[in-house]
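> Take a look and give me a structure for this.
(chains A and B)
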Amino acid sequence: MTEPSKRPTRRDTLRVAGALGATALFAPAMIRAANAQSGFNWKRFAGQKVDVLYVKNTRADMLVAKNKEFEALTGIQISAEAIPEQQQRQKVTIEFTSGKPTFDVVALSMHVQKRIAAKGKWLTDLRPFMADASLTSPELDFADIGQAGLNFSTQNDGTLDTMPKFVDYWILYYNKELFEQKGVAYPKTMDEIVTAAEKLNDPAKGIYGFVSRGLKNANVPVWTSWLLGQGMETIDKSGNLLTATPEAAWAGELYKRLNKDFAPPGTIGFNWNECQTSFATGRAAMWLDGIGFAAPLEDKSKSRVAGKVGYGVVPPGPKAHHSAIFGDGMGIARTSTKKEASWLYIQWATNKANQLAMLKAGAGSPARNSPFDDVETIRASTFGKQWFDTILASAKIGRPGLPVIVPVTEFRDIFGVALTNMIGGADPKTELAKATEQFKPVLEKSEQG
Amino acid sequence: MVKRRYWLFAVPATVVVAAVIVFPWLFTIYMSVHDWNVSGAVTFVALDNFRALFTDQRFYESVFHTLYFTVLAVVFPILLGTAAALVFHRNFKGRGLLRGIFIMPMMATPVAVSLVWTMMFHPQLGVLNYLLTSVGLPASQWVYSTSTVIPTLVIVEVWHWTPLVMLIVLGGLANLPREPYEAAEIDGANAFHCFRYITLPLVWPFIMIALILRTIDALKAFDTIYVISQGGPGTASETINIFLYLQAFAFFKLGYASAVVLIFFALIIALSLLLLHVRQKSKWNV
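As a prediction, this is how the structure comes out:
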């Protein structure tokens, strides 16, 4: 029996061309109809131009690539710029301080910039926009935004500075193959991480039990992750430093033990990228860091551990069980003259479809809950169900990994130096006491004036 | 009689100089006597920033790191660059090609060079440790150790800037007169004597130029250090430039950073004057 020819006939070609033509012809009408159905006029600010400043990363790249979609929907022209994180934070601070920022919409790292944004009155409160039905699409579905992201976006006075976009949960990556080879079970407590690292550590074979950031500044969330296991953050609600407490010293000891005794040589200068390389080449059995590394780790062309990566919630400490969280949001500059058009852009950028796309691409964990309900995405993902389960479980126990203060960078610098000194052999208690003494006046001064 | 107003021609240049040189300096001095923090009010503090600076242990450490880095990053390129110039001054087959290859590092962008070296320095995956261990030598931690970070950064500087010294010295060698050598040969001088008593003194002014240029370059080195070690591990390679950058653009203490700028400027001026004085003394007395 001969197979029927699969070559398209002229009639087929004409049919497809006709369908495409009709789609092109009627697409704007369809969008208009959809808007009319939802009773929301996306075109209200057509003709305006909105300047957007992003931090350069995959999430931003995805949105920038799709900006044409927003422009077609609203008629608003978008001029977007995405620059590396450190430079973006500097630019944002300097421009806001100048009083005349060059952007209308800005992506902020709320774990670093939340307090300075409030103190400097950088951003517009989004609540009045949200309350205005003519400005807010019914599809916004604010209830879908997860609590972790909302906590970062909401200031003490209730102001909603930013729309949450991304929440980073710190998790423990582990090499399942190495764990199986040594018969080691996933640690149930923070102390068990040490015993597991000890068993897995095999420097003669170039394999190390544990890896995490040692580089000054970048290393602080590792220590604060351990401190959360004591049910404690670095600063209490009254603004007192808790960094010289016995609990902080315990977290320092844990940091020192893991990074000094079971980590690859040179960990003192490791940022996340060196840690990722160590783990992806199978040289580290465990790695504590943010959730967003599944994509490179599961990429067979870049990783030797693809398919062998385990994703675990950070084990509980002696007194509490938390995962350190960090979050980004999008806000509107208080000085912007196009606040309404900017608000439309933020709604679009953080809508369900774009948040789902972020999750699908492995570009990070979205601030919305609904993407995690998308069974098809989870089933089709190369990251495996464990990765998604780890996000959801971490979300339930999430707690900020950095203090909400103005001098976050200085905090990270001073305590970061103390932590690197610990890897070099210094006593955690002494180092933390010294760093606390050094940072105290900086913190006090930051809230004056 | 027509009044001559030649000075009008100097006005545009004066305005430009005032705008791009004088004003920034005056403004830096102004900021240095203020507590100027981007998140707070600006208050006059007189010399408090300078007082704080002179009690800041980290600043002293950064001065030491700067001097340590500068000495190494000047001495080695001078020695190697001079040696290379002497080699390339001779005629041999393939000299042009080899000289071209030798000066190639100088043409590379410092940031790109630094990124490549960073990969090579990786303690587990870097090619340098692979090479060391394959000949039976122990692996090094390179920039990932507080004790080796500055010498390692100097390796990058030496690789990058030795060709510049070579070119300067080579230019000097090309201009040397033949007569002293002919006279020395007649007097029975050997190659070492010729080098020690003729070549070196005659080429010394050129070496001094290379020394001044290298010193200024090494003192203001930022990109290589920032890309490779960011001043770390800890503060082990934090030079004045890195310290200054952190104060100004990470902590936004603009007043304090301005005080650092002024002190650093004074240090550079002092060193430059010293070197110029030495250079003046080394000039040929024709």
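> Every contact and neighbour count from this point should use C-alpha atoms.
Noted.
> Report all helices and strands that whichever helix in chain B runs longest contacts.
Selection of the longest helix in chain B by residue count, based on DSSP state H, yields helix B:57-89. Packed against helix B:57-89 by the contact rule (3 or more Cα pairs under 8 Å, 6 or more residues apart in numbering or on different chains; DSSP states H and E) you find helix B:149-174, helix B:200-219, helix B:240-245.
> Can you pull the residues of the stretch 101-250 of chain A lying near chain B?
Counting by Cα under 8 Å from any Cα of the partner chain, the stretch 101-250 of chain A comes close to chain B at A:Ile116, A:Lys119, A:Gly120, A:Leu215, A:Lys216.
> Which of the residues you listed fall within helices?
A:Ile116, A:Lys119.
> check contacts around residue 234.
Just going to use chain A. Residues in contact with A:Thr234 (Cα atoms under 8 Å, 6 or more residues apart in numbering or on different chains) are A:Thr224, A:Leu227, A:Leu241, A:Leu242, A:Thr243, A:Ala248, A:Leu402, A:Pro403.
> I was thinking of chain B, sorry if that wasn't clear
B:Gly234 sits next to A:Leu215, A:Lys216, A:Ile268, A:Gly416, A:Val417, A:Ala418, A:Thr420, A:Asn421, B:Thr146 when contact means Cα under 8 Å, 6+ apart.
> likewise A:Asp161?
When contacts are counted by Cα under 8 Å, 6+ apart, A:Asp161 touches A:Leu123, A:Thr124, A:Asp125, A:Leu126, A:Ser153, A:Thr154, A:Gln155, A:Gly331, A:Ile332.
> For chain B, state which of those is nearest.
Distances from chain B to the contacts of A:Asp161, taken as Cα to the nearest Cα, are shortest for A:Leu123 (14.4 Å).
> how would you label A:Met358: helix, strand or coil?
Following DSSP: H, G, I helix; E, B strand; the rest coil, A:Met358 is assigned to helix.
> follow-up on the earlier one: quick one: which of the contacts of A:Thr234 has the most company?
A:Leu227 (30 neighbours; other Cα atoms under 10 Å in any protein chain shown).
> Okay, and that residue sits in which element?
helix A:220-228 (DSSP states H and E).
> picking up where we left off before, worst mean pLDDT among the helices and strands packed on helix B:57-89?
If the helices and strands packed on helix B:57-89 are sorted by mean pLDDT, helix B:200-219 sits at the bottom with a mean of 92.
> For it, what is the distance to the chain centroid?
11 Å (Cα atoms, centre = their mean, to the nearest Å).
> for stretch B:253-269, same thing?
That offset, for stretch B:253-269, works out to 18 Å (Cα atoms, centre = their mean).
> how about the CA coordinates for that stretch, as CSV?
Output of stretch B:253-269 as CSV, limited to C-alpha atoms (Å, rounded to 0.1, in the frame of the first residue of the first chain):
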residue,chain,number,x,y,z
LYS,B,253,29.4,58.2,50.7
LEU,B,254,30.3,60.9,48.2
GLY,B,255,32.0,63.3,50.8
TYR,B,256,34.2,60.5,52.2
ALA,B,257,35.1,59.3,48.7
SER,B,258,36.0,62.9,47.7
ALA,B,259,38.4,63.0,50.7
VAL,B,260,40.0,59.7,49.4
VAL,B,261,40.3,61.3,45.9
LEU,B,262,42.2,64.2,47.3
ILE,B,263,44.6,62.1,49.4
PHE,B,264,45.1,59.8,46.4
PHE,B,265,45.8,62.8,44.2
ALA,B,266,48.4,64.1,46.6
LEU,B,267,50.0,60.7,46.6
ILE,B,268,50.2,60.5,42.8
ILE,B,269,51.5,64.1,42.6
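> right, is it up against chain A?
No. Judged by Cα under 8 Å from any Cα, stretch B:253-269 and chain A are separated, with a smallest distance of 10.5 Å.
> on that earlier part again, possible to save the helices and strands packed on helix B:57-89 as TSV with distance to A:Ala80?
Shown next, in TSV, are the helices and strands packed on helix B:57-89 (distance: least, Cα to Cα, whole Å):
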stretch	distance to A:Ala80
helix B:149-174	37
helix B:200-219	37
helix B:240-245	27
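> who in chain B is up against chain A?
Applying Cα under 8 Å from any Cα, one finds that chain B approaches chain A through B:38-41, B:123-124, B:141, B:143-145, B:229, B:232-235, B:249-251.
> Which of the residues you listed are buried? Put it as a ChimeraX command.
Selection of buried members from those for ChimeraX, criterion 16 or more other Cα atoms under 10 Å in any protein chain shown:
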select /B:38,39,40,123,124,141,143,144,145,229,232,233,234,235,249,250,251
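> on that earlier part again, give me the contacts around the helix holding A:Leu227.
Residues outside helix A:220-228 that contact it (Cα under 8 Å, 6+ apart) are A:170, A:190, A:212-213, A:233-234, A:247-248, A:250-252, A:254-255, A:288-289, A:317, A:320-324, A:399, A:401-402, A:412, A:415-416, A:419.
> Just name whatever secondary elements the next helix or strand after that helix is in contact with.
Where DSSP H and E defines the elements, the next helix or strand beyond helix A:220-228 is helix A:246-261. Judged by 3+ Cα pairs under 8 Å, 6+ apart, the packing partners of helix A:246-261 are helix A:190-200, helix A:220-228, helix A:408-423, helix A:428-446.
> in helix A:246-261, what counts as buried?
For helix A:246-261, a neighbour-count test (16+ other Cα under 10 Å) marks A:247-261 as buried.
> Just confirm A:Trp287 is within a strand.
Yes. Counting by three-state DSSP, A:Trp287 is located in a strand.
> Am I right that it is in contact with A:Arg213?
No. The pair A:Trp287 / A:Arg213 is not scored as a contact, 9.1 Å apart, by Cα atoms under 8 Å.
> ok, back up a step: of all the helices and strands packed on helix A:246-261, which one comes closest to A:Ala395?
Proximity to A:Ala395 (Cα to Cα) singles out helix A:220-228 among the helices and strands packed on helix A:246-261, at 14.2 Å.
> the helices in the stretch 251-400 of chain A, which residues?
Along the stretch 251-400 of chain A, the stretches classed as helices by DSSP state H, counting those that start in this stretch are A:272-280, A:294-297, A:339-349, A:352-360, A:375-380, A:385-396.
> re the thing from before, would you mind finding the most buried of the helices and strands packed on helix A:246-261?
Among those, helix A:220-228 has the highest mean neighbour count (mean count of other Cα atoms under 10 Å in any protein chain shown), at a mean of 26.
> That one vs helix A:246-261, what angle?
Our comparison of helix A:220-228 with helix A:246-261, counting by axes from the mean of the first three to the mean of the last three Cα atoms, to 10 degrees, yields an angle of 130 degrees.
> Okay, now the unreliable bits of the stretch 151-300 of chain A?
Residue ranges of the stretch 151-300 of chain A with pLDDT under 70: none are present.
> 90 - rerun?
Along the stretch 151-300 of chain A, the model assigns pLDDT under 90 to residues A:237-238, A:273, A:292, A:295.
> separation between the most centrally placed residue in chain B and B:Leu271?
Nearest to the mean C-alpha position of chain B, by Cα atoms, centre = their mean, lies B:Ala218 at 1.8 Å. Look at B:Ala218 and B:Leu271: by Cα to Cα, to the nearest Å, they are 12 Å apart.
> Next: B:His122.
35 Å.
> do A:Thr154 as well
Distance from A:Thr154 to B:Leu271, by Cα to Cα: 53 Å.
> next one: A:Ala148
55 Å.
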